[in-house]
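Asks: next input, structure requested:
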Amino acid sequence: MMNNKIIFYIALALFLVGCAPSRFVVPLKYKEQAVQVNIGGPVIDVPNLMALPIPLSAITYGNGVSEKLTVFGSVYPTALLFGTLQMDLGFTRMIWESDNENHGFTFTPAVNFAIDKFEYNGMFYPQLDAHYYWFYNRKYLSQDDIVVGRRHYPNLVYGGIGTWFELNSLRAHEEIQPNVLLPNLQVGHEFVGAKWSFKTELRFIAPNLDNQNKVVKYKSLTGDFGATGVYFGVTKRF
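Replies: Got it, this is the predicted structure:
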């Protein structure tokens, strides 16, 4: 029977490869808060069924500490079901925005950590993402709209690049860890309302890693390398 440490490494590998989608691509308004729920993960072959994304979940809280900076933290309920407490902490910082506020660039550093309930094995992963975003249907309001309090919420498209940093020299079975970087590419769309937003994201995960002979069979647009992830999310701002 597999020992608890091996179970932990296998479970953690699934969660890390299926890490949450982009949390806050655009910073929240000053003093605005938000709760975000995401589900999805890498697409795998399900025996006797079809290719489906792993239903991994994450719950994130964000707080706009300024117009250009949002801090956040996440917990991962699916990981808890496997006996692993996984969390992250990070922030989104605006680094450039156009004069008309239609598009811009942000970066998001974060730290991810996990610990299992079996032998209290712990893992720590820094992460860094950068995004370009574009509000594609912004409508400018008339003076009458402003007087009566009418508002318009433009929808959002974005693309990004990021990586997780592997700090451990060994992986499961005491094998040498050959990969320091776990890169990913993301494209996404967000329907934005007054208080609610709905997100879909497609993610290309670790395209530098061979996906053959793994615990599960990953499906990837790049063939035998990496995995393709599909994610859905909803955000409530208050």
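
Asks: what comes up buried for stretch 64-76?
Replies: 64, 69-74, 76 (16 or more other CB atoms under 10 Å). C-beta: built from backbone N, CA, C; applies to glycine.

Asks: send the alpha carbons of it over as CSV?
Replies: Output in CSV follows, covering the C-alpha atoms of stretch 64-76 (Å, rounded to 0.1, in the frame of the first residue of the first chain):
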residue,chain,number,x,y,z
GLY,A,64,-8.6,46.9,-2.7
VAL,A,65,-6.1,48.7,-0.6
SER,A,66,-5.6,51.4,-3.2
GLU,A,67,-6.8,52.1,-6.8
LYS,A,68,-3.8,50.2,-8.1
LEU,A,69,-3.3,47.5,-5.5
THR,A,70,-5.4,44.5,-4.5
VAL,A,71,-4.4,41.9,-1.9
PHE,A,72,-5.9,38.4,-1.9
GLY,A,73,-5.9,35.0,-0.2
SER,A,74,-7.3,31.7,-1.4
VAL,A,75,-8.2,28.3,0.1
TYR,A,76,-8.8,25.1,-2.0
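
Asks: for residue 183, what are its contacts?
Replies: Residues near residue 183 by CB atoms under 8 Å, 6 or more residues apart in numbering: 161-163, 206-208.

Asks: try 6 Å this time
Replies: Residue 183 makes contact with residue 163 under the criterion CB atoms under 6 Å, 6 or more residues apart in numbering.

Asks: doesn't it belong to a strand?
Replies: Yes: the assignment for residue 183, made by DSSP: H, G, I helix; E, B strand; the rest coil, places it in a strand.
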